[in-house]
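K.L.:
what would the 3D arrangement of this be:
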Amino acid sequence: MGRLVLHRLGATIPVLLLVTAGVFSLLHLTPGDPIDVMMAESVDATVKANLRRELGLDRPIAVQYVAWMGRVLRGDLGRSVRNGEPVIENVGRRIRPSLQLALLAMAISLLIAAPVALASAVRRNTSIDRAGTTFALFGICMPNFLLALLLIFFFGVTLRWLPVSGYTDPAEDLIAGVRSLVLPAVTLGLALAAVITRTLRSSLLEALTEDYVRTARAKGLSEWAVIRAHVLRNALIPVVTVLGLQLGTLIGGAVITEYVFGLPGVGRLVVDAVFARDYPLVQGVVLLIAAGFIASNLLVDLLYGWIDPRIRIR
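P.N.:
You can find the predicted model right below:
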């Protein structure tokens, strides 16, 4: 296992270099100047030139990238062009709501997908199976922003059960914090539940046809005992793969949901930084999101060996 971890960590170095270099180049090739965003057009050109030189934006792109990587290796992600605060502090304030939203959305998706997929697989080609398949197709086809607006209208405007925007940290006020995250978490969780439902249903149907399942039934085990002890665990590997990929997506990619519900998350932060041409902030967020994806994939690899001992991890 230790060798696997070291091997995967070594393989992440070129991935991070390619990701950061690509984003760094695209940002600098995008029309617009962060100095013009920071200052009005009436500001003297000399003042702008001095600020550009102070921030190092007058140097070639390759030189800027090498200098930035040198600071990253020392643990310094730089400072935001907009407010001058360290990038790590900007991201630190925003990662908490995004992480809470991602974990709650994932919990909601599992609570919905597991029973629906199980019922669909066990009752294949029945009305229950057709209802589960319809739910999965509906969740995949429904755009997140439209589902968010429908939830806001029904639960926020019509019934007035939940707040339609804003964020409260659950660590400060548990009830208010959970209420502020319910609607955005359901918006993301339903889409993820649809994907997990289809994945888990297919995996369960495949496992139900295996020889060891017929042997377990021949021994007189009940259907639930067969599913719980032999089928469900063997069907989890594709689901774990999907969850590992979606965790990073939920943390960094829930831009539309965060905007609709007014959540101060990482996705909203990086979009605002792109519009402001805040190069250090965008690069820092991209680096941290890429590292999060790599960590989640490594965790998935380790879980494979725990779920199925036949998968040897050395």
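K.L.:
where does pLDDT dip in the stretch 1-150 of the chain?
P.N.:
The model of the stretch 1-150 of the chain has pLDDT under 70 over residues 1-5, 8-9, 31-44, 48, 55.
K.L.:
which parts of it are helices?
P.N.:
Using DSSP state H, counting those that start in this stretch, the helices of the stretch 1-150 of the chain run over 2-29, 34-38, 45-55, 61-73, 87-122, 127-141, 144-151.
K.L.:
please apply the same query to the stretch 201-314 of the chain.
P.N.:
So, for the stretch 201-314 of the chain - with DSSP H, counting those that start in this stretch - the helices run 211-218, 223-226, 236-253, 255-261, 266-275, 279-307.
K.L.:
picking that back up, for the helices of the stretch 1-150 of the chain, which one sits closest to residue 266?
P.N.:
Residue 266 sits nearest to helix 87-122 of all the helices of the stretch 1-150 of the chain, at 4.4 Å, using CB to CB. Every residue, glycine included, has its C-beta placed from N, CA and C.
K.L.:
now do that closest one: distance to the chain's middle.
P.N.:
Helix 87-122 sits 8 Å away from the centroid of its parent chain (CA atoms, centre = their mean, to the nearest Å).
K.L.:
re the thing from before, buried deepest among the helices of the stretch 1-150 of the chain, which one?
P.N.:
helix 87-122 (a mean of 20; mean count of other CB atoms under 10 Å).
K.L.:
follow-up on the earlier one: could you export the helices of the stretch 201-314 of the chain as a markdown table, including mean neighbour count, mean pLDDT and distance to residue 130?
P.N.:
Shown next, in a markdown table, are these (neighbours: other CB atoms under 10 Å; pLDDT from 0 to 100; distance: least, CB to CB, whole Å):
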| stretch | mean neighbour count | mean pLDDT | distance to residue 130 |
| --- | --- | --- | --- |
| helix 211-218 | 13 | 80 | 24 |
| helix 223-226 | 13 | 78 | 21 |
| helix 236-253 | 19 | 77 | 22 |
| helix 255-261 | 21 | 83 | 29 |
| helix 266-275 | 20 | 81 | 35 |
| helix 279-307 | 19 | 78 | 30 |
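K.L.:
returning to that earlier point: reformat the helices of the stretch 1-150 of the chain as JSON lines; add distance to residue 204.
P.N.:
Below are these laid out as JSON lines (distance: least, CB to CB, whole Å):
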{"stretch": "helix 2-29", "distance to residue 204": "28"}
{"stretch": "helix 34-38", "distance to residue 204": "52"}
{"stretch": "helix 45-55", "distance to residue 204": "55"}
{"stretch": "helix 61-73", "distance to residue 204": "44"}
{"stretch": "helix 87-122", "distance to residue 204": "4"}
{"stretch": "helix 127-141", "distance to residue 204": "11"}
{"stretch": "helix 144-151", "distance to residue 204": "26"}
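K.L.:
follow-up on the earlier one: so which of the helices of the stretch 201-314 of the chain is nearest residue 156?
P.N.:
Closest among the helices of the stretch 201-314 of the chain, using CB to CB: helix 255-261, at 9.6 Å.
K.L.:
and the contacts of that closest one?
P.N.:
Residues from elsewhere that reach helix 255-261 (CB atoms under 8 Å, 6 or more residues apart in numbering): 97-98, 101, 144-145, 148-149, 152, 164-166, 183-184, 187-188, 263-265, 267-268, 270-271.
K.L.:
rerun that using 10 Å as the cut-off
P.N.:
Here helix 255-261 makes contact (CB atoms under 10 Å, 6 or more residues apart in numbering) with 94, 97-98, 101, 105, 143-145, 147-149, 151-152, 156, 163-167, 180-181, 183-185, 187-188, 191, 250, 254, 263-272.
K.L.:
go on, stretch 53-70?
P.N.:
With CB under 10 Å, 6+ apart as the criterion, stretch 53-70 contacts 16-17, 20-21, 24-25, 27-29, 33-35, 38, 49-52, 76-79, 81, 277, 279-280, 283-284, 287.
K.L.:
hang on, residue 273 packs against residue 23?
P.N.:
No: contact between residue 273 and residue 23 fails when scored by CB atoms under 10 Å: they sit 11.4 Å apart.
K.L.:
what sits in contact with each of these two?
P.N.:
Common contact partners of residue 273 and residue 23 (CB under 10 Å, 6+ apart): 279, 282, 283, 285, 286.
K.L.:
ok, the third one to residue 91 distance?
P.N.:
According to CB to CB, to the nearest Å, residue 283 stands 11 Å off from residue 91.
K.L.:
which neighbours do the two have in common?
P.N.:
If you check residue 283 and residue 91 against CB under 10 Å, 6+ apart, the residues they both contact are residue 77.
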